[in-house]
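Peer 1: Here is a sequence with its predicted model. Questions after.
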Amino acid sequence: MRSFRVATDRLEMQVHESGPEDGVPVVLIHGNLSTGRFYEHLFDGAPERYRLIAPDMRGFGDTERVPIDATRGLRDWADDTAALLRALGIDAPPHLAGWSTGGAAIAHYALEHGPVASLTFIDPVSPYGFGAVKRDGTPHFDDFAGSGGGTGNPEFTARLAAGDASDVGDTAPRNVLNTSYWRIGHKESPEREDLLVGEILKSVTGDDGYPGDTTTSGHWPGVAPGTRGILNALSPKYCDWSGIVDLEPKPPVLWTHGAQDIVVADGSPWEMGTLGSLGAVPGWPGAEHFPPQPMVQQIRAVLSAYAQRGGQVEMTIYEESGHFPPVDAQERWSKQFFAHLERA
């Protein structure tokens, strides 16, 4: 693995990569509260013809600390990825993989910077963003109340900002890693766990990073999206990649999802509709007005429409995996991923 900084025409990015510099480009975009190093365990077993490129995205890792403009959804990340490939002198259509938040970024890259050789969605955020919407993507309230920066857990954010690497309490970043990033019971080696916790703790916090700013709302739960930071960028007010069904030409798509994922799920406990239904957020207006978001159903519906319009889509549910099958089902997932690239 090589790690280095790249000065692009948008910002300086930290990049982790392996493989020949003239190899087939494969760009791996991480999710929220993570970095490119979450992919490094895949590098050694990759076919030699591929150049795997895993950048730290805006707001995370060792990339230059510049604000996230939430009003653009994840287009900042898509544009940053295009700028990185320009800076690296890569003009061949890349294979793109996006985990969670990164799923929206690769969709926007394909829509606005294509063509791409293939797309791989790893437990991606819903095509209609995170929280506050019905199954068809329409909001419960016109201000998208119940999504955005105000929905972050303040205790977790404080511990993140303080660089808390302990394992004390549910909101410790280390414990969030082990309960939310992969299936319960999966453990990385102590050295690898320490490294990944350290990567999470590099996240930019506050209004320009995690969770972002917020506005008040007259609707439950009293907060609506602001305009800065990552949770606002994920709000359905700004994040919508459902337009991928109209993409032409259509690159082949692989979607893998962990059935034990509690972050992106039908009834995710990270989402306000579910938290309200559990009594964790008082005043929930009920399932008629604010049901839990059916995220997996939304992903399946949009990718099925993509297939109906002529796209090739492979969908696989990993029954024993959580939010990141490339870690807790590494061998199986890696085999499927590289087979997908070969077919493309």
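Peer 2: Alright, I've got the coordinates.
Peer 1: all strands for the stretch 51-200 of the chain, in order.
Peer 2: 95-99, 118-122 (DSSP state E, counting those that start in this stretch).
Peer 1: For the residue positioned nearest the centre of the chain, give its distance to residue 29.
Peer 2: Nearest to the mean C-alpha position of the chain, by CA atoms, centre = their mean, lies residue 101 at 1.9 Å. In this view, residue 101 and residue 29 are 8 Å apart by CB to CB, to the nearest Å. In short, each C-beta sits where N, CA and C put it, glycine included.
Peer 1: what sits in contact with each of the two?
Peer 2: Common contact partners of residue 101 and residue 29 (CB atoms under 8 Å, 6 or more residues apart in numbering): residue 77.
Peer 1: ok, back up a step: identify whichever of the strands of the stretch 51-200 of the chain lies nearest to residue 192.
Peer 2: strand 95-99 (16.9 Å; CB to CB).
Peer 1: Render the CA-only coordinates of that closest one in PDB, please.
Peer 2: Output of strand 95-99 as PDB, limited to C-alpha atoms (Å, rounded to 0.1, in the frame of the first residue of the first chain):
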ATOM      1  CA  HIS A  95     -14.800   1.300 -11.600                       C
ATOM      2  CA  LEU A  96     -16.500   2.900  -8.600                       C
ATOM      3  CA  ALA A  97     -17.400   1.400  -5.300                       C
ATOM      4  CA  GLY A  98     -19.200   3.400  -2.600                       C
ATOM      5  CA  TRP A  99     -20.000   2.300   0.900                       C
END
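Peer 1: now the angle from that strand to strand 118-122?
Peer 2: Here strand 95-99 runs at an angle of 10 degrees relative to strand 118-122 (axes from the mean of the first three to the mean of the last three CA atoms, to 10 degrees).
Peer 1: And strand 95-99, what does it pack against?
Peer 2: strand 24-29, helix 101-113, strand 118-122 (3 or more CB pairs under 8 Å, 6 or more residues apart in numbering; DSSP states H and E).
Peer 1: go again using 10 Å as the cut-off
Peer 2: Using 3 or more CB pairs under 10 Å, 6 or more residues apart in numbering; DSSP states H and E, the elements in contact with strand 95-99 are strand 24-29, strand 50-55, helix 75-87, helix 101-113, strand 118-122, strand 253-258, helix 325-328, helix 330-343.
Peer 1: Nearest approach to residue 215 belongs to which of those?
Peer 2: helix 75-87 (20.1 Å).
Peer 1: quick one: residue 86 and residue 13 touch, right?
Peer 2: No: if you go by CB atoms under 10 Å, residue 86 and residue 13 don't touch, sitting 11.7 Å apart.
Peer 1: Just want to know which of the two has more residues nearby.
Peer 2: Ranked by neighbour count (other CB atoms under 10 Å), residue 86 and residue 13 place residue 13 first, with 25 against 14.
Peer 1: On the strand side of things, show who the more buried one bridges to.
Peer 2: Per DSSP bridges, the residues bridged to residue 13 are residue 6.
Peer 1: contacting residues for it?
Peer 2: 4-7, 36, 55-58, 61-64, 80-81, 83-84, 87-88 (CB atoms under 10 Å, 6 or more residues apart in numbering).
Peer 1: go on, residue 129?
Peer 2: 73-74, 104, 137, 139, 144, 147-148, 225, 233-242, 293, 295, 298.
Peer 1: Okay, now the unreliable bits of the stretch 201-344 of the chain?
Peer 2: Scanning the stretch 201-344 of the chain for pLDDT under 70 picks out no residues.
Peer 1: Surely residue 178 touches residue 188?
Peer 2: Yes: between residue 178 and residue 188 there is a contact under CB under 10 Å: 8.5 Å.
Peer 1: Residues that sit against both of these two, list them.
Peer 2: 196-197.
Peer 1: Comparing the two, which shows the higher neighbour count?
Peer 2: residue 178 (21 against 18).
Peer 1: Per-residue pLDDT of that one, please?
Peer 2: Note on residue 178: pLDDT of 97.
Peer 1: Number of residues surrounding the residue lying closest to it once chain neighbours are set aside?
Peer 2: In space, and not counting its chain neighbours, residue 178 is closest to residue 187: 7.1 Å by CB to CB, 6 or more residues apart in numbering. Residue 187: 10 surrounding residues under other CB under 10 Å.
Peer 1: Equivalent analysis for the one 10 residues further on, please.
Peer 2: Close neighbours of residue 197, defined as other CB under 10 Å, add up to 22.
Peer 1: Next up, the contacts around it.
Peer 2: 163-167, 172-178, 188.
Peer 1: cool, and residue 224?
Peer 2: Counting by CB under 10 Å, 6+ apart, residue 224 has contacts 132, 139, 141-151, 214-218, 232, 235, 237.
Peer 1: partners of the helix or strand containing it in the sheet?
Peer 2: Assessed by DSSP states H and E, residue 224 sits inside strand 223-225. Applying DSSP bridges to the sheet, strand 223-225 is found paired with strand 214-216 (antiparallel).
Peer 1: Flag every buried residue along the strand it pairs with.
Peer 2: Neighbour-count burial for strand 214-216, counted by 16 or more other CB atoms under 10 Å, picks out residue 214.
Peer 1: Touching it from outside, list them.
Peer 2: Taking CB under 10 Å, 6+ apart as the rule, strand 214-216 contacts 143, 145, 148-152, 207, 222-229, 231-232.
Peer 1: Which of the contacts of residue 224 fall in helices?
Peer 2: When these are checked against helices (DSSP state H), the matches are residue 232.
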